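Visitor: Attaching a predicted model along with its sequence, questions to come.
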Amino acid sequence: MIELLISFLLGLFLFSPATSANASEKKLPKCNYPAIYNFGDSNSDTGGSAAAFYPPALPSGETYFHRPAGRASDGRLIIDFIAGELGLPYLSPYLDSIGSNYRHGANFATGGATVMRPNESWFVNGVSPFNLEIQVEHYTQLKEKTSFFYKDKKKCNRKRMPRPKDFSKALYVIDIGQNDVAAGIRKLSIELQKAALPQIVNQFKVQLQNLYDRGARNFWVHNTGPIGCLPVATVKVQNPVPGYLDKHGCVKSQNDVALEFNKQLKDEIVNLRSELSEAVIIYVDMYSAKYGLIVNAKNQGFEDSFMICCGYHGIGYDVWCGNKGSVNGSEVMGGSCSNPSAVISWDGVHYTEAANRWIATRIVSGSFSDPPVPISRACFYKA
């Protein structure tokens with residue numbers, strides 16, 4: 001009976017985009033964020049890795065941009081939908097020197113980025129050298145250079161630069177940690193994975209404090225998603241022992257580590273609210289939003305939760321999206337499925353535009369936020 005009640009309440013919570021703040025929070029005025037500064041990994045990278053290393057090939061970007069656009073998806077990411085919700089343009093990657101415009105913010109995220117300093121190579125394991133610490137340093141440099149150019153009498157230098165007064169009014173989105181969890185899964189026992197989490201969370205906290213010291217005031221912090229539900233994790237499983245998978249088919253031990261990371265991160269966010277007196281810090285339960293979609297895929301108009309749209313993955317082979325490879329002795333091309341809008345996973349790791357839209361619609365409403373305030377009004381919330 002209790003499980004039925006929980007399922008009913010979870011259904012109301014997950015599937016109603018309008019479910020958000022309570023009455024008092026709806027009375028808050030709307031924020032007028034002049035800019036967004038984003039920090040993260042491939043879940044929110046809009047072209048940083050493509051500029052620093054190699055750009056993705058078709059069919060990446062086919063649904064919305066109709067060309068590769070530096071995103072690990074067929075179209076837009078959650079950060080793109082956040083920008084749209086706030087009436088701001090899509091964010092230019094900080095690392096892209098061609099055609100970028102930072103008037104309304106910048107994106108410091110890069111695919112493969114971690115919270116901790118990496119001790120692996122992008123060329124070996126796909127781990128970015130631009131971890132959270134370096135991303136915050138890039139933000140610091142952007143802010144300092146902006147101040148320099150605004151002191152320059154040549155106004156032409158300012159056209160694509162942020163306004164110095166906007167830094168304290170901007171929204172700072174942070175979505176990183178999944179690759180730290182993934183690195184632990186690759187290299188450590190469950191016990192050692194969990195033992196490493198406090199150090200990761202502490203470094204996350206340090207960098208958030210550094211942003212605050214550099215003028216950031218409005219934070220929108222995503223926790224990490226259910227990594228054990230990614231199809232690249234589940235497709236390799238053969239004859240699992242009882243309890244290895246949860247009742248929905250996700251790798252339980254991997255999700256347990258992600259949940260523990262999220263618990264510790266939330267505890268630190270609560271502490272930071274009292275330490276950073278001028279900050280508004282909203283903690284967003286991205287895990288629950290993504291897990292809710294995955295376990296209720298068909299009810300939400302999607303196909304099998306673990307279907308991969310682009311590429312081929314299985315026991316003994318991985319043909320990544322946009323690449324050629326061999327499956328059972330035959331050469332294949334990692335092309336896309338016929339209808340990405342009906343699939344949750346784009347390439348086995350990242351989400352399709354349709355899934356990103358579904359998730360973004362629910363998180364911006366405040367349904368998964370602590371406190372439960374919509375993103376459009378979060379700047380005025382005071383605990």
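Guide: Received, thanks.
Visitor: ok, and for stretch 105-124, which residues are buried?
Guide: By neighbour count with 16 or more other C-beta atoms under 10 Å, stretch 105-124 contains the buried residues 105-116, 118, 120, 122. In short, each C-beta sits where N, CA and C put it, glycine included.
Visitor: brain fart, stretch 243-263
Guide: 245-246, 248-251, 254-255, 257-262.
Visitor: same question, stretch 32-39
Guide: 33, 34, 35, 36, 37, 38, 39.
Visitor: gap between the two ends of stretch 217-227?
Guide: End-to-end distance of stretch 217-227 (C-alpha to C-alpha, to the nearest Å): 30 Å.
Visitor: pLDDT of that stretch, averaged?
Guide: When pLDDT is averaged along stretch 217-227, the result is 98.
Visitor: And the strands in this structure?
Guide: Using DSSP state E, the strands assigned to the chain run over residues 36-40, 105-107, 171-175, 218-222, 280-284, 312-314, 317-319, 324-327, 330-333, 369-370.
Visitor: Quick check: which of those strands has the most neighbours on average?
Guide: Sort the strands of the chain by mean neighbour count, taking mean count of other C-beta atoms under 10 Å, and strand 105-107 sits at the top with a mean of 29.
Visitor: So which elements touch that one?
Guide: strand 36-40 (3 or more C-beta pairs under 8 Å, 6 or more residues apart in numbering; DSSP states H and E).
Visitor: Mind listing the strands the strand it packs on pairs with, and their directions?
Guide: strand 105-107 (parallel), strand 171-175 (parallel) (DSSP bridges).
Visitor: May I see those organised as CSV, with mean pLDDT and distance to residue 164 added?
Guide: Formatted as CSV, the strands paired with strand 36-40 follow (pLDDT from 0 to 100; distance: least, C-beta to C-beta, whole Å):
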stretch, mean pLDDT, distance to residue 164
strand 105-107, 98, 14
strand 171-175, 98, 16
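Visitor: closest to residue 312 out of those?
Guide: With distances scored as C-beta to C-beta, the stretch of the strands paired with strand 36-40 nearest to residue 312 is strand 171-175 (27.7 Å).
Visitor: what's the offset of the closest one from the middle of its chain?
Guide: 9 Å (C-alpha atoms, centre = their mean, to the nearest Å).
Visitor: can you check stretch 246-257 too?
Guide: So, by C-alpha atoms, centre = their mean, the centroid of stretch 246-257 is 20 Å from its chain's centroid.
Visitor: swap in stretch 34-45?
Guide: Distance, centroid of stretch 34-45 to centroid of chain: 8 Å (C-alpha atoms, centre = their mean).
Visitor: Restricting to C-alpha, output it in CSV.
Guide: Extracted in CSV, the C-alpha atoms of stretch 34-45 (Å, rounded to 0.1, in the frame of the first residue of the first chain):
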residue,chain,number,x,y,z
PRO,A,34,21.3,39.5,-18.1
ALA,A,35,23.6,36.5,-18.7
ILE,A,36,24.3,32.8,-17.9
TYR,A,37,27.7,31.4,-17.0
ASN,A,38,27.7,27.6,-17.3
PHE,A,39,30.3,25.2,-15.9
GLY,A,40,30.2,21.5,-16.6
ASP,A,41,30.9,18.4,-18.7
SER,A,42,29.4,17.0,-22.0
ASN,A,43,25.9,17.2,-20.5
SER,A,44,26.1,21.0,-21.1
ASP,A,45,29.1,21.5,-23.4
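Visitor: what mean pLDDT would you report for that stretch?
Guide: Stretch 34-45 comes out at a mean pLDDT of 98.
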